[in-house]
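Asks: All I have is the shape, not the residue letters:
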């Protein structure tokens, strides 16, 4: 049942986009974060709402460091009643089209910033400098810490891989950056979750190892053979399971997502299977007989876990 018609959260000059939502189980509030170009350069902002969708305060400025900040992702820590978010950060370069880094912030339950500019990865100017994008976070309630990961284009990798690191509950870096997946061609758009019953993380990603040209630029994704893979990871990031192949059919499988059912101990993985559709336009004088190729798709899913 729709309880409330669509309503604006941020209507400002410039572009407001890339929203992410976390729910606070103690305060029973939603925290929505997004990037806003009101100032001319994208910054990270947020707003807190009650369960009815009513804002409980003003719009919050979270990070307005010089340069572009894009694509925030936020998770809630119920142990400390705090939030951790991260984003793609372009403070070292003129535009978002150049190499990015991943920065973050730790927020209190009311949205006030406890720790800002957490340098999850910033390899600008280093020999293996790469482009980092597609940031995500998972919270481990057993150890009260976070696992953050991203797509990484460092030149020492096999085109594009997935890297990550652990972040302590107080926002400090906990150990070095480590490799999650770096096989032939591209592994990107990671989606991590923590599964308390197994005391392990599961990471899902889009995989281009079956593409004909393993050095193909990752933005040319619609010309690739993209599949859906995943694997388990120990809480310390040192041990990994064999890969789980969810879909390796010909064509492009993208926009994967994952959820976990605790009672049945099962994961559900869903994705879009992209197809080229050829359809005929309407029969007006200027459209009659025209055909258009577009990339549509169907949604597939797999249940995975305890039989």
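Replies: That came through fine. Please read all numbers here as calculations on a predicted model, not as lab measurements.

Asks: Please list all residues in contact with the most centrally placed residue in the chain.
Replies: Centroid check for the chain by C-alpha atoms, centre = their mean gives residue 136 as the closest residue, at 4.1 Å. The contact partners of residue 136, by C-beta atoms under 8 Å, 6 or more residues apart in numbering, come to 73, 148, 149, 150, 190, 191, 192. C-beta: built from backbone N, CA, C; applies to glycine.

Asks: can you tell me which of those residues are in strands?
Replies: Among those, the members found in strands (DSSP state E) are 73, 148, 149, 150, 190, 191, 192.

Asks: of those, closest to residue 225?
Replies: residue 190 (18.8 Å; C-beta to C-beta).

Asks: Which parts of stretch 162-169 count as buried, going by neighbours?
Replies: Of the residues in stretch 162-169, 162, 163, 164, 165, 166, 167, 169 count as buried by neighbour count, 16 or more other C-beta atoms under 10 Å.

Asks: Residue 178 is in contact with the second one, correct?
Replies: Yes. Using C-beta atoms under 8 Å, residue 163 is in contact with residue 178, at 6.9 Å.

Asks: Show me which residues of stretch 131-142 are buried.
Replies: For stretch 131-142, a neighbour-count test (16+ other C-beta under 10 Å) marks 131, 132, 133, 134, 135, 136, 137, 138, 139, 140 as buried.

Asks: For that stretch, the averaged confidence score.
Replies: Averaging pLDDT along stretch 131-142 gives 97.

Asks: Tell me the gap between it and the middle of its chain.
Replies: Taking C-alpha atoms, centre = their mean, to the nearest Å, the mean C-alpha location of stretch 131-142 is offset from the chain mean by 7 Å.

Asks: same check, this time on stretch 23-39
Replies: So, by C-alpha atoms, centre = their mean, the centroid of stretch 23-39 is 16 Å from its chain's centroid.

Asks: ok, back up a step: and the furthest pair within the contacts of residue 136?
Replies: By the measure C-beta to C-beta, 148 and 191 form the most distant pair in the contacts of residue 136, at 12.4 Å.

Asks: Those two: which has the busier surroundings?
Replies: In this view residue 148 and residue 191 are compared by other C-beta atoms under 10 Å, and residue 148 has more residues nearby, 27 against 19.

Asks: Strands of the stretch 201-307 of the chain, start to end?
Replies: Using DSSP state E, counting those that start in this stretch, the strands of the stretch 201-307 of the chain run over residues 227-233, 244-247, 252-261, 266-280, 291-305.

Asks: And the first one, what does it pack against?
Replies: Spelled out, that is strand 227-233. strand 173-181, strand 200-207, strand 244-247, strand 252-261, strand 266-280 (3 or more C-beta pairs under 8 Å, 6 or more residues apart in numbering; DSSP states H and E).

Asks: what about that strand, average pLDDT?
Replies: The model assigns strand 227-233 a mean pLDDT of 97.

Asks: Show residues contacting that strand.
Replies: Strand 227-233 is contacted from outside by 147, 180-181, 187, 192, 198, 200-210, 239-249, 253, 256, 258, 269, 271, using C-beta under 8 Å, 6+ apart.

Asks: So which of the buried residues of stretch 162-169 are in strands?
Replies: Going by DSSP E, the strands hold 162, 163, 164, 165, 166, 167 from the buried residues of stretch 162-169.

Asks: which residues of the protein score low on pLDDT?
Replies: Residues of the chain meeting the criterion pLDDT under 70: 222, 276-296, 307.

Asks: repeat that for 80
Replies: Low-confidence segments of the chain (pLDDT under 80): 1-5, 8, 10-14, 221-224, 275-296, 306-307.

Asks: so which of the helices and strands packed on strand 227-233 is the most packed in?
Replies: Most buried of those, by mean neighbour count (mean count of other C-beta atoms under 10 Å): strand 200-207, with a mean of 24.

Asks: All set now, cheers.
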